[in-house]
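[1] Give me the fold of what follows.
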Amino acid sequence: MAEKRPLCIYAGSMEELATGDTLPVSQIPVGGIIAATPGSLPAGFEKMDGRFVSTITYPLLGGLADVVAGQQWEMRDAASANTLYSIAWSGGLFVAVGNAGAILTSPDGITWTTRTSSTISLLYGIAWSASLFVAAGAIGTIRTSPNGVVWTIRSSGTTNALLGITWSGSLFVAVGNTGTILTSPDGITWTTRTSSTTNAMYGITWSGSLFVAVGNSGTILTSPDGVTWTQRTSNTSNLILSVTWSGSQFVAVGNTGTILTSPDGITWTARPSGTTGNIYGITWGAGIFVASLNSGTILTSADGIVWTARVSGAAGFGGWSLLFADDRFWVPGINGSIFSSPVPRADSRYLSAMSISGVSYYMRCA
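    Prediction:
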């Protein structure tokens, strides 16, 4: 007799449809419920009562296995031809920005709407303050919106490209070319700060007590208030593109596989990444770091020290901004693509079904 387990059945997106009764581990039986997109429904399935039900039997590829956050990825088409560089989440709305002034919004990360930004300048970064989205980009471009729909032109006071932006809870800080650092308490009025570097600064994060900005030629700057900045020794001359904070550790990533870690933003240690590719972005969430390479590869790590390569299915990623929001990791990509990876429940394991029409299907064991 085949082993049976109670299961929750999932598709490649791992969106739960229903809790199964009992199911042989070796197969999806006739009548088994499985998720699928109507437009790409594989042969042998039909829709019944709003669910897709198998009319033939499919053998499973493997056995029971734990699934790690950041391991399974799916693409969302934002209906834009533009490369997207950054994405933010307000708690109810995603906003992505990119080439040619592209701004797109989505309530769920699935259906996206193009918005008017009144600029053709490339938008590199976006941040949310709890009441305002602020997008920053080329030639000092700043746009603000309370709802992601209507955008207002703001004066930054600079024509330098603004490549990264963050919000601390009380202050926006934007960084960019030739060492540019700007601060604003409201996203409207901006003040230029002295950075003591002419290197381009690409990424910035806030730990709760310290800003850390990273950039060209291994430049790392820190500031407790966004006003006074101190240069730190990174021990690398590689371009550093992105930095994040986990609650106990900063991790910065960049060209030629560069990964650096620091507990305090002051002392930095190089870590082996297992790649010589350019690592564009990094974020932290659900107990792991997730980093993206321009090639489309994903790296994950629980501690910032030991890294594992993951396959995303992406042709490439555009920007150096990743996001963890709504229980998923989000990575903006080329040609209007956005990739996301769900965080599995801690008490769940998965069975992987065979690939059907190029789609891998999953079932969660409760």
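
[2] now for stretch 79-88, what's the gap between its first and last residues?
    Start-to-end span of stretch 79-88 (C-alpha to C-alpha, to the nearest Å) is 18 Å.

[3] same question, stretch 188-198
    In stretch 188-198, first residue to last residue: 25 Å (C-alpha to C-alpha).

[4] what's next to it, contact-wise?
    With C-beta atoms under 8 Å, 6 or more residues apart in numbering as the test, stretch 188-198 has contacts from 142, 144, 154-158, 174-175, 178-184, 201, 213, 215, 219, 221, 226-227, 229, 231. C-beta: built from backbone N, CA, C; applies to glycine.

[5] Would you mind listing the buried residues in that stretch?
    Across stretch 188-198, burial judged by 16 or more other C-beta atoms under 10 Å covers 190, 193, 195, 197.

[6] Looking at the contacts of stretch 188-198, which are in helices?
    Residues of these located in helices (DSSP state H): none.

[7] Make a ChimeraX selection of whichever of those residues turn out to be buried.
    Buried residues among these (16+ other C-beta under 10 Å), as a ChimeraX selection:
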select :142,144,154,156,158,174,175,179,180,181,182,183,184,201,213,215,219,221,226,229
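
[8] Could I get the contacting residues of residue 202?
    Listed by C-beta under 8 Å, 6+ apart, the contact set of residue 202 reads 163, 164, 175, 214, 215, 216, 239, 240, 241, 242, 320.

[9] I should have written residue 204 there, sorry.
    164, 165, 166, 173, 174, 175, 211, 212, 213, 214, 243.

[10] if we can go back for a sec, so which of the buried residues of stretch 188-198 are in helices?
    The members of these all map outside helices under DSSP H.

[11] Please tabulate the residues you listed in JSON lines, including the columns pLDDT and distance to residue 92.
    Shown next, in JSON lines, are the buried residues of stretch 188-198 (pLDDT from 0 to 100; distance: C-beta to C-beta, whole Å):
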{"residue": "190", "pLDDT": "98", "distance to residue 92": "27"}
{"residue": "193", "pLDDT": "98", "distance to residue 92": "32"}
{"residue": "195", "pLDDT": "97", "distance to residue 92": "35"}
{"residue": "197", "pLDDT": "98", "distance to residue 92": "38"}
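
[12] which one of these is nearest residue 295?
    Nearest to residue 295 out of these is residue 197 (C-beta to C-beta; 29.0 Å).

[13] Now residue 280. Nearest residue, chain neighbours left out?
    residue 320 (4.5 Å; C-beta to C-beta, 6 or more residues apart in numbering).

[14] nope, residue 186 is what I was after
    Counting by C-beta to C-beta, 6+ apart, the residue nearest residue 186 is residue 132, at 7.5 Å.

[15] how many other residues sit next to that neighbour?
    Other residues within reach of residue 132, judged by other C-beta atoms under 10 Å, total 18.

[16] what's near enough to touch it?
    Taking C-beta under 8 Å, 6+ apart, we find residue 132 in contact with 144, 145, 146, 186, 187.

[17] Select from those residues the one having the most neighbours.
    The residue in the contacts of residue 132 with the most neighbours, by other C-beta under 10 Å, is residue 187 (25 neighbours).

[18] Can you give me the distance of it to residue 266?
    From residue 187 across to residue 266, the span is 29 Å (C-beta to C-beta, to the nearest Å).

[19] first to last residue in stretch 72-86, what's the distance?
    In stretch 72-86, first residue to last residue: 21 Å (C-alpha to C-alpha).

[20] Please name the residues that touch residue 119.
    Per C-beta under 8 Å, 6+ apart, neighbours of residue 119: 101, 137, 141, 143, 153.

[21] Look up which residues are beta-bridged to the second one.
    Judged by DSSP bridges, the bridge partners of residue 137 are residue 123.

[22] Then the fourth one?
    In this entry, residue 143 is beta-bridged to residue 135, residue 153, by DSSP bridges.

[23] Let me know how buried residue 126 is, in neighbour terms.
    Residue 126: 26 surrounding residues under other C-beta under 10 Å.

[24] same check, this time on residue 266
    14.

[25] Would you mind confirming that the residue nearest to residue 280 is in contact with residue 85?
    Yes - using C-beta atoms under 8 Å, residue 320 makes contact with residue 85 at a distance of 7.4 Å.

[26] on contacts alone, who are the packing partners of the helix or strand that contains residue 338?
    Assigned by DSSP states H and E, residue 338 falls within strand 337-342. The helices and strands touching strand 337-342, judged by 3 or more C-beta pairs under 8 Å, 6 or more residues apart in numbering; DSSP states H and E, are strand 74-77, strand 84-89, strand 328-332.

[27] Lowest average pLDDT across the ones you listed?
    Looking at the helices and strands packed on strand 337-342, the lowest mean pLDDT belongs to strand 74-77 (a mean of 80).

[28] Where do the strands of the stretch 1-150 of the chain begin and end?
    Taking DSSP state E, counting those that start in this stretch to define them, one finds strands in the stretch 1-150 of the chain at 4-10, 18-24, 27-28, 45-48, 51-54, 58-59, 74-77, 84-89, 94-98, 103-106, 113-115, 123-128, 133-137, 142-145.
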